[in-house]
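J.: coords below, sequence missing:
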């Protein structure tokens with residue numbers, strides 16, 4: 001809405017409006033940069049969350065695999081004792 005307006009033209013029309021226009025431009029630019037910053041932070045937070053969820057899933061799967069391997073190794077190492085217990 002204010003793209004075609006130049007600061008010097010507003011100052012020439014009325015000095016008070018010139019100061020008001022300068023304030024309006026600074027408020028607009030500050031708001032625009034704030035929105036851009038918040039969008040970037042939101043995107044980064046979303047990517048971090050997805051990475052953490054994936055890491056958690058990988059950790060859970062690796063833990064399950066490790067437990068299965070440890071159980072199989074235990075059963076193999078103690079096969080004789082287990083068989084003796086089952087006979088008892």
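T.: Ah, there it is. Bear in mind that the values here come from a model prediction, so they are computed numbers and not experimental data.

J.: list the contacts for residue 11?
T.: By Cβ atoms under 8 Å, 6 or more residues apart in numbering, the residues touching residue 11 are residue 18. Backbone N, C-alpha and C define where each C-beta goes, glycine included.

J.: And stretch 77-88, how far out from the chain middle?
T.: Remark: stretch 77-88 is offset 52 Å from the chain centroid, using Cα atoms, centre = their mean, to the nearest Å.

J.: what's that stretch in contact with?
T.: Here stretch 77-88 makes contact (Cβ under 8 Å, 6+ apart) with residue 75.

J.: ok, 10 Å please
T.: Stretch 77-88 is contacted by residues 74, 75, 76 when judged by Cβ atoms under 10 Å, 6 or more residues apart in numbering.

J.: what's the closest of the residues you listed to residue 13?
T.: Nearest to residue 13 out of these is residue 74 (Cβ to Cβ; 87.9 Å).

J.: Now name the helix or strand holding that closest one.
T.: Of the helices and strands defined by DSSP states H and E, residue 74 is found in helix 15-77.

J.: Going toward the C-terminus from that helix, what's the next helix or strand?
T.: Proceeding N to C from helix 15-77, the next assigned helix or strand is helix 79-87, under DSSP H and E.

J.: thinking again about what came up before, show me which of the contacts of stretch 77-88 is closest to residue 65.
T.: residue 74 (15.0 Å).

J.: what about stretch 31-39, distance to the chain center?
T.: Offset of stretch 31-39 from its chain centre (Cα atoms, centre = their mean): 16 Å.

J.: Show me which residues of it are buried.
T.: Under the neighbour-count criterion of 16 or more other Cβ atoms under 10 Å, stretch 31-39 has nothing buried.

J.: how much space is there between residue 78 and residue 70?
T.: Distance check for residue 78 against residue 70: by Cβ to Cβ, to the nearest Å, it reads 12 Å.

J.: got the contact list for residue 2?
T.: 10, 21, 24, 25, 28.

J.: Buried ones among those?
T.: In those, burial by neighbour count holds for 10, 21, counting by 16+ other Cβ under 10 Å.
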